[in-house]
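Colleague: sharing a model prediction with you, sequence too.
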Amino acid sequence: MLSNPASKYRPFPPVRLIDRQWPDRPIERAPVWMSTDLRDGNQALFEPMDIERKMRLFRTLCEIGFKEIEVGFPAASQTEFDFVRHLIEGDHIPPDVTIEVLTQARDEIIVRTMEALKGARRAIVHVYNATSPTFREVVFCMTRDEIIELATTATGRIRQLAEDISDTEIVLEYSPETFSGTELEFACEVCDAVTEAWEATPSNKVIINLPATVELSTPNHYADQIEWMHRHLARRDSIVLSLHPHNDRGTGVAAAELGLMAGADRIEGCLFGNGERTGNVDLVTLALNLYTQGIAPGLDFPDIDAVARTFEQCTGMPIHPRHPYAGDLVFTAFSGSHQDAIKKGFAVQQPDAPWTLPYLTIDPADIGRSYDSVIRVNSQSGKGGIAWLLQTRYGIAMPRRLQVEFSREVQRETETSGEMSAEAIWQLFSRAYFAPQTPVGYVEHHLREQGRQQGIELTVDIDGLRQTLTGQGNGPIDAAVHALRQVGIAVQVRSFEEQSISASLDGGDARACAFLELAGTSGGGGRYGVGIDENIVTASIRALVSGINRLGSEARERRVA
């Protein structure tokens, strides 16, 4: 890397824009969306899509809600030409969808392009030529006047051929390719010449598309360029001002949003940012960004996972797990502090209230994502995430001190095994709180009234020996505690909670869950026991036995044969 990049690279000079307005303009409505997945996105693939995959993606784009779809470059190959004919002749284009095709500003290319459109109800013909100094002087060796003549001649030829297919409504789109590197005065001059040649009117508008063919500067610079053009273009009321941002600097989405603020009406891009080099602007991210600001985007993603899988299968391009909105991990929190905040947010979020959940800018359910994947657990996770998973997946709302206790078990496990699923956490919880039957194994119990107190006959296995114990107390749990003292098991109950759960967790018909926090009679650290059963008393006795087993030797005062 050069120690002095200024000797090699130069920033673009600022746009001379007096009293720029875009910084204070909110985005109030969605743009016209144009998907170029089947053209710009397709040409960027290592293996371009065949007709079958193109058709599948075309249908998906229609289902999402795109009304303008660029379907190919018909003159580029027979495959491209045949796909356009397949759409038209097979009547695959919905009545409210307009197809778009791309053509260079060359006569034979334009003629072939127009042949492909015969029989279409409506089509956008997108013609372009490069306008920046580097392309004028290095690539094409053309003067400014020659560039303008090329653009207007192509416009006139498209207009002439459109009259020959009068049953098809032809809309003209013109792009000064490499606009982002073109002098604004010249870009405006070329575009004005095109709209004049087409004789654009408010009822016969031309789409003027201003591409960041290569993203060369900061998003605010692009916004300045767009606002300058918005102010200076002739026949502005006869123009649909369109953007085609690329992502070479990684700021394509920001450039598109600022460009909308600067006066643009329409945006071209691809699903998930596919396209040449670093890609076209990501239309999924743009649309859902609008949605999170309370603006109806006009595109619908009720099952974004299905859209993502279709995209991956059709293009062969994987979606990064951290991709905004669609990535497998974007609604996932491993951090303990994040999990705790999300858990608390879900607890207070009301269905009809504005969405204010910590760390989640969008309700995952709005795009068909499951809450199950919002919190995932590894060694960085805290008690909040673990508790949220057990509560949402298995109905167990753990008391706070039990959350702390069990989180230590999970952390020990994840330090060696890595990430744990909700199912794995449940299995660990079951092993820790339900499975241990030593030193005490619960068999059965019977309650009986003894005056003002509760009596119990409790059958347990202690170190493999079955014994029936009796006790009495001010309730079933207290009676069971007294019964166990007959065999030297002495504990004190620090806290007791019970709850109803909606479904069986172990294949039975369990409906009640009890939590008992126990300590030895000499004090010291406590341990939780958990019990589940159809009967709340039985669940409580099971929780008592569970806690005793977890407390271990601290509960054994003496051995009674």
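Modeller: Great, that's in hand. Numbers count the residues shown, from 1 in each chain.
Colleague: what helix or strand does V171 sit in?
Modeller: Assigned by DSSP states H and E, V171 belongs to strand 169-177.
Colleague: average pLDDT for that strand?
Modeller: In this model, strand 169-177 has an average pLDDT of 97.
Colleague: name the helix or strand for the residue lying closest to R56 once chain neighbours are set aside, please.
Modeller: Closest residue to R56 apart from its sequence neighbours, by Cβ to Cβ, 6 or more residues apart in numbering: C314 at 5.6 Å. The way it works is simple: take the backbone N, C-alpha and C, and place the C-beta from them, glycine included. C314 is part of helix 304-315 when elements are defined by DSSP H and E.
Colleague: who touches that helix?
Modeller: Taking contacts as Cβ atoms under 8 Å, 6 or more residues apart in numbering, the residues outside helix 304-315 that touch it are 41-42, 45, 49, 53-54, 56-57, 60, 64, 271-272, 274, 284, 301, 317-319, 325-326, 367-369.
Colleague: circling back: tally of neighbours for the residue nearest to R56?
Modeller: Close neighbours of C314, defined as other Cβ atoms under 10 Å, add up to 24.
Colleague: again, but for G65
Modeller: If we define neighbours as other Cβ under 10 Å, then G65 has 15 of them.
Colleague: for the stretch 251-400 of the chain, just list every one of the helices.
Modeller: When secondary structure is read from DSSP state H, counting those that start in this stretch, the stretch 251-400 of the chain shows helices at 252-261, 283-292, 304-315, 336-348, 383-394, 400-417.
Colleague: relative to R550, which of those helices is closest?
Modeller: Shortest distance between R550 and those, using Cβ to Cβ, is found for helix 400-417: 8.8 Å.
Colleague: angle of that closest one against helix 336-348?
Modeller: 140 degrees (axes from the mean of the first three to the mean of the last three Cα atoms, to 10 degrees).
Colleague: give me the mean pLDDT for the helix or strand just after helix 400-417.
Modeller: Sequence-wise, the next helix or strand beyond helix 400-417 is helix 422-433, with elements assigned using DSSP H and E. Across helix 422-433, pLDDT averages out at 90.
Colleague: in helix 422-433, what counts as buried?
Modeller: When neighbours are counted by 16 or more other Cβ atoms under 10 Å, the buried residues of helix 422-433 are found to be A422, I425, W426, L428, F429, A432, Y433.
Colleague: buried stuff in stretch 63-70?
Modeller: Under the neighbour-count criterion of 16+ other Cβ under 10 Å, stretch 63-70 has E63, I64, F66, K67, E68, I69, E70 buried.
Colleague: I99 in helix, strand or coil?
Modeller: With DSSP: H, G, I helix; E, B strand; the rest coil as the basis, the three-state label of I99 is strand.
Colleague: in the stretch 101-250 of the chain, which spans are helices?
Modeller: Under the criterion DSSP H, counting those that start in this stretch, the stretch 101-250 of the chain contains helices at 107-116, 133-134, 144-164, 184-198, 219-232.
Colleague: and the third one with helix 107-116, angle?
Modeller: Same thing as helix 144-164. 30 degrees.
Colleague: what stretches of this protein score poorly on pLDDT?
Modeller: Where the chain drops to pLDDT under 70, the residues are 1-2, 334, 336, 370-383, 502-510, 523-524, 553-554, 556-561.
Colleague: and the gap between the residue lying closest to T438 once chain neighbours are set aside and V214?
Modeller: Here the nearest residue to T438 in space, its sequence neighbours aside, is N549; by Cβ to Cβ, 6+ apart that works out to 6.6 Å. Summarising the geometry, the distance separating N549 from V214, computed by Cβ to Cβ, to the nearest Å, is 68 Å.
Colleague: show me which of those two is the more surrounded one.
Modeller: Per other Cβ under 10 Å, whichever of N549 and V214 has more neighbours is N549, with 21 against 15.
Colleague: which secondary structure element contains the more buried one?
Modeller: Element membership of N549, judged by DSSP H and E, is helix 536-551.
Colleague: how about that helix as PDB, C-alpha atoms only?
Modeller: Taking Å, rounded to 0.1, in the frame of the first residue of the first chain, the C-alpha atoms of helix 536-551 are listed here in PDB:
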ATOM      1  CA  ILE A 536     -49.500 -29.700  41.500                       C
ATOM      2  CA  VAL A 537     -48.900 -31.400  44.800                       C
ATOM      3  CA  THR A 538     -47.200 -34.300  43.100                       C
ATOM      4  CA  ALA A 539     -45.100 -31.800  41.100                       C
ATOM      5  CA  SER A 540     -44.200 -30.100  44.400                       C
ATOM      6  CA  ILE A 541     -43.100 -33.300  46.000                       C
ATOM      7  CA  ARG A 542     -41.000 -34.200  42.900                       C
ATOM      8  CA  ALA A 543     -39.400 -30.700  43.100                       C
ATOM      9  CA  LEU A 544     -38.500 -31.400  46.700                       C
ATOM     10  CA  VAL A 545     -36.900 -34.700  45.900                       C
ATOM     11  CA  SER A 546     -35.100 -33.100  42.900                       C
ATOM     12  CA  GLY A 547     -33.700 -30.300  45.100                       C
ATOM     13  CA  ILE A 548     -32.500 -32.800  47.700                       C
ATOM     14  CA  ASN A 549     -30.600 -34.800  45.100                       C
ATOM     15  CA  ARG A 550     -29.000 -31.600  43.700                       C
ATOM     16  CA  LEU A 551     -28.200 -30.400  47.200                       C
END
